[in-house]
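Chemist: just need the structure, nothing else, for what follows:
(one chain, ligands or ions: 1)
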Amino acid sequence: MEKGFLNITSEIGNLKAVLLHRPGKELERLTPGYLEELLFDDIPWLKRMQEEHDDFAKVMKARGSKIYYYETLLADVLRDEHIKNQFVVDVIKNSHVGNIELEKIIIEYLQGERPESIVEIAISGLHKEDFPKMEREFHLVDYVKYDYPFYINPLPNLYFTRDPGAVIGQGLSVNKMKTPARDRETMFLSYIYRHHPLFKEKGTSLWYDYQEHYPMEGGDILVLSDEVVALGCSERTTARGIEILAQRLFAKGKVKKVLVIQIPFTRAYMHLDTVFTMVDHDKFTIYPGVENAVRVYELTQGVTTPKVTPKESLEKALMEVLHLPAVQLIQSGGGDEITAAREQWNDSTNTLAIAPGTVITYNRNEATNDTLRKHGIEVIEIEGSELVRGRGGPRCMSMPLLREEL
Ligand SMILES: NC(=[NH2+])NCCC[C@H](N)C(=O)O
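Modeler: Below you'll find the predicted structure:
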């Protein structure tokens, strides 16, 4: 792969490469009892979900983007015996085996497996009932069960590839997730970053690392231009995490300003991109009311920590940092309060721009899609009845790796 493959300097430039994860068996491990802990609100139907996800990938491919999958990149990396063995140890460290002897047995077993099977188990988990069926000598611990059903917990949120990582400029942020339910996802990305030829060229800076102390998730990272990044301060992304990332971007990259957009800390708005996304050079879609609920701060290079300047309004701040005479904040839900709230819950504002003025959205958000069209946006609709049950839309389900510069 050519040097400096990763490059993201906007939210809207033609999408040339993107990282996805096709939902798999991990979704079939969700049970009503674990929904909340695993950040779901409902149980999706996997078969239909996969069809919907394949259509999502198809639409992007048809418009010229290359699709990469977590599962394939990880399996590539694990073809190296040494990396594979270490990966298995790290997966077990991040799991809930609860017994060192048994951990050793599982490690040994997994290390003997093919990369594809290891990846599958690392993502979809290892159920206690499945493990004893494997051929080996049994220990007492196999008979004595604990209340948690998995040795390795499933990762049903991995198809929201937006959150564990973000490409900013030519560098990568491997995020620190807020909840233990998603921790292992960023460890996967770290393996890909360190060992996959697509990522590991010398040119790729590491802006943030998952072993950092302060949570920061990709749904809160919006690359507005080559010089400006917007960071949501939210239920998932901490103020200190934002300062650390900003300081590094100022020190080593092209970024001159970080716009901090503090949104209400609630589950319905977990990340900035659940209420606000960029759809064109001067157009954004926003959940009505959010404009008045947010606080906006501009960060610029400081001495030991970034300099903070509070801003009067989101609209003015956007005009200023993007050097635009005006910006349009397109209200989701077509102006009706009830429709807007219903559609926001189903990720109407979570649009994925694949070119300036062209976005992918769920077809169910009819009012928002109409409004976007009225504002001159090309809206490509996908079916998402099952995908939406994990509370995420097209932007959440994609991690752009390469976009054409504007
Ligand atoms: N970028 C986003 N808005 N991602 C949505 C992630 C949804 C996922 N169930 C979670 O709660 O973490």
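Chemist: how about residues contacting stretch 312-326?
Modeler: 224-225, 228, 257, 259, 261, 281-282, 284, 291, 294, 296, 298, 311, 327, 329 (Cβ atoms under 8 Å, 6 or more residues apart in numbering). Bear in mind the C-beta positions are built from the backbone N, C-alpha and C, glycine included.
Chemist: tell me the contacts of residue 298?
Modeler: 257-260, 308-311, 317, 321.
Chemist: repeat the analysis, applying 6 Å as the threshold.
Modeler: By Cβ atoms under 6 Å, 6 or more residues apart in numbering, the contact list for residue 298 reads 257, 259, 309, 311.
Chemist: and the closest residue in space to it that isn't next to it in sequence, which of the three is it?
Modeler: The shortest distance from residue 298 to any non-neighbouring residue, by Cβ to Cβ, 6 or more residues apart in numbering, is to residue 309 (4.6 Å). Under DSSP: H, G, I helix; E, B strand; the rest coil, residue 309 falls in the strand class.
Chemist: can you get me a residue count around residue 309?
Modeler: Applying other Cβ atoms under 10 Å, we find 12 residues neighbouring residue 309.
Chemist: tally of neighbours for the spatially closest residue to residue 384 that is not a sequence neighbour?
Modeler: Spatial nearest neighbour of residue 384, excluding adjacent residues (Cβ to Cβ, 6+ apart): residue 362 at 3.8 Å. Using other Cβ under 10 Å, residue 362 is surrounded by 25 other residues.
Chemist: thought residue 386 was touching residue 362, still the case?
Modeler: No - the criterion here is Cβ atoms under 6 Å, and residue 362 misses it with residue 386 at 10.9 Å.
Chemist: what pLDDT does whichever residue of the chain sits closest to the ligand get?
Modeler: Using Cβ to the nearest ligand atom, residue 219 is the residue of the chain that sits closest to the ligand, at 2.5 Å. Listed pLDDT for residue 219 reads 98.
Chemist: and it, its phi and psi?
Modeler: phi -60, psi -10 (degrees, to the nearest 10).
Chemist: and if you look at residue 279?
Modeler: According to degrees, to the nearest 10, residue 279 has phi -120, psi -20.
Chemist: check contacts around it.
Modeler: Here residue 279 is in contact with 285, 351, 353, 359, 377 (Cβ under 6 Å, 6+ apart).
Chemist: mind redoing it with 10 Å?
Modeler: 11-12, 285, 328, 330, 349, 351-353, 356-359, 361, 372, 375-379 (Cβ atoms under 10 Å, 6 or more residues apart in numbering).
Chemist: mind checking how far it is from residue 375?
Modeler: 8 Å (Cβ to Cβ, to the nearest Å).
Chemist: shared neighbours, these two?
Modeler: 285, 328, 330, 357.
Chemist: surely the third one is within a strand?
Modeler: This means residue 330. Yes - judged by three-state DSSP, residue 330 forms part of a strand.
Chemist: number of nearby residues for it?
Modeler: 19.
Chemist: distance of the spatially closest residue to residue 378 that is not a sequence neighbour from residue 380?
Modeler: Among residues not flanking residue 378 along the chain, residue 358 sits closest, at 4.4 Å (Cβ to Cβ, 6+ apart). According to Cβ to Cβ, residue 358 and residue 380 sit 7 Å apart.
Chemist: ok, now residue 158?
Modeler: 24 Å.
Chemist: neighbour count winner among the two?
Modeler: More neighbours surround residue 158 than the other of residue 158 and residue 380, with 25 against 19 (other Cβ under 10 Å).
Chemist: pretty sure the more buried one is in a strand, no?
Modeler: No - looking at residue 158 with three-state DSSP, it is coil, so not inside a strand.
Chemist: ok, it - contacts?
Modeler: 20-24, 26-27, 70-71, 122-124, 164, 182, 184-185, 188.
Chemist: just the ones of those residues in helices?
Modeler: Using DSSP state H, 70-71, 122-124, 184-185, 188 are the members of these that sit in helices.
Chemist: compare the residues you listed and tell me which is most surrounded.
Modeler: residue 122 (29 neighbours).
Chemist: state the pLDDT value of that residue.
Modeler: Value for residue 122, per-residue pLDDT: 98.
Chemist: around the nearest residue to it once chain neighbours are set aside, how many other residues sit close by?
Modeler: Spatial nearest neighbour of residue 122, excluding adjacent residues (Cβ to Cβ, 6+ apart): residue 91 at 4.8 Å. Applying other Cβ under 10 Å, we find 22 residues neighbouring residue 91.
Chemist: need the pLDDT of residue 91.
Modeler: pLDDT, residue 91: 97.
Chemist: just the element for it, please.
Modeler: Per DSSP states H and E, residue 91 falls inside helix 81-93.
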